[in-house]
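K.L.:
Predicted model and sequence below, questions to follow.
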Amino acid sequence: MAEKNILLSCPFKYTLNIFKGKWRFSIIYSLLKKDTLRFKELERDINGITSRMLVKELKELEKEKVVKRKAFATVPPTVEYSLTPYGKTLQPIITSMHQWGENHLEEKNKSSKTKN
């Protein structure tokens, strides 16, 4: 109970709790790039994720109203995932993280070249 109160009183910790784990930002990043993806397309786009983990993370993101799931009555069943309007508000954060990663890799490459 105390942990829940801490999360609710600190927006930063609350946000980190929603996006905990190694796959959630990758899922959001993929959906930002492609807008709407079927389950298998999303799984292929995220290197290393298992089907089981993808299902689990998508359910959590859906529960948090970040991702929406659209099922079609087809045989075999077709399911598409996309970001909700609320989920799309993460775009500036994801873009900043991507840019920071590019800059960091560039700096690491520069420093490793100067050591050699």
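P.N.:
That came through, no problem.

K.L.:
now the residue most central in space within the chain: how far from D45?
P.N.:
Most central in the chain under C-alpha atoms, centre = their mean is F25, positioned 2.5 Å from the mean C-alpha point. Counting by C-beta to C-beta, to the nearest Å, the gap between F25 and D45 amounts to 13 Å. Just so you know, the C-beta spots here come from the backbone N, C-alpha and C atoms, and that holds for glycine as well.

K.L.:
so who does the residue nearest to the centre of the chain touch?
P.N.:
19, 94, 97 (C-beta atoms under 8 Å, 6 or more residues apart in numbering).

K.L.:
does it count as helix, strand or coil?
P.N.:
Here F25 is recorded as helix under DSSP: H, G, I helix; E, B strand; the rest coil.

K.L.:
What pLDDT does the model give it?
P.N.:
pLDDT for F25: 92.

K.L.:
repeat for K34
P.N.:
In this model, K34 is scored at 92, pLDDT.

K.L.:
Wait, it touches E41, no?
P.N.:
Yes - using C-beta atoms under 8 Å, K34 makes contact with E41 at a distance of 7.4 Å.

K.L.:
This structure: strands as residue ranges?
P.N.:
With DSSP state E applied, the chain shows strands at 36-38, 67-72, 78-83, listed in chain order.

K.L.:
any chance of these in CSV, with distance to H104 and mean neighbour count too?
P.N.:
Conversion of the strands of the chain to CSV gives the following (distance: least, C-beta to C-beta, whole Å; neighbours: other C-beta atoms under 10 Å):
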stretch, distance to H104, mean neighbour count
strand 36-38, 27, 16
strand 67-72, 27, 14
strand 78-83, 25, 17
